[in-house]
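Asks: Based on what follows, work out the 3D shape:
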Amino acid sequence: MPNPDVSQSVSPVPTAAGGGAESATADVEVADSDLLLALTGPGGSRLLAIERECDVRAGLRGNVIRLEGRRAAVSLGERVLFELMRAAGAGTSVADSELGSSIRMLRNHPELTLAEVF
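Replies: Residues are numbered from 1 along each chain as shown. All right, here's what the predicted structure looks like:
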């Protein structure tokens, strides 16, 4: 079920001639400020973990989280954000210390959800 506090847009960005995989950007708008803080962490600390584990660039401007990178990496980053939102909506939080392993689990086991694990 879609979350009314979240909107998303994805845009493919062609790479330079001779470049490898197509790059993409994704904007995830989060209207709820508490949810936004839960996703990004104090000082953007959770965005740094998403950048590192998903191999994307992640930024925050206002209430919009922007992911940039290879299409597959951006898709993983979006999935991570939406799984974290789903977990928060169900009253479950993923601790900062568990975030890296949670992202790796989502990457390595696409059939799993964080709700099944936590």
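Asks: Just give me how far the biggest helix by length in the chain sits from the chain centre.
Replies: If you go by DSSP state H, the chain has its longest helix at helix 71-89. Relative to its chain's centre, helix 71-89 lies at 4 Å (CA atoms, centre = their mean, to the nearest Å).
Asks: quick one: the strands in this protein?
Replies: 6-13, 23-30, 57-61, 64-70 (DSSP state E).
Asks: Quickly note the distance from residue 53 to residue 91.
Replies: Going from residue 53 to residue 91 by CB to CB, to the nearest Å gives 24 Å. In short, each C-beta sits where N, CA and C put it, glycine included.
Asks: what about the two, which has more around it?
Replies: In this view residue 53 and residue 91 are compared by other CB atoms under 10 Å, and residue 53 has more residues nearby, 20 against 6.
Asks: Assess the claim that the more buried one and residue 106 are in contact.
Replies: No. Between residue 53 and residue 106 there is no contact under CB atoms under 8 Å: 9.2 Å.
Asks: who touches both of those two?
Replies: Residues touching both residue 53 and residue 106 by CB atoms under 8 Å, 6 or more residues apart in numbering: residue 80.
Asks: still on that earlier bit, and the longest helix of the chain, what does it pack onto?
Replies: strand 6-13, strand 23-30, helix 33-40, helix 45-54, strand 64-70, helix 96-108, helix 114-117 (3 or more CB pairs under 8 Å, 6 or more residues apart in numbering; DSSP states H and E).
Asks: For that helix, buried residues please.
Replies: 71, 73-85, 87-88 (16 or more other CB atoms under 10 Å).
Asks: In the protein, where is pLDDT below threshold?
Replies: Where the chain drops to pLDDT under 70, the residues are 1-20.
Asks: and if we set it to 80?
Replies: 1-21 (pLDDT under 80).
Asks: Hmm, residue 86 is touching residue 114, no?
Replies: Yes. Here residue 86 reaches residue 114: they are 6.9 Å apart, a contact under CB under 8 Å.
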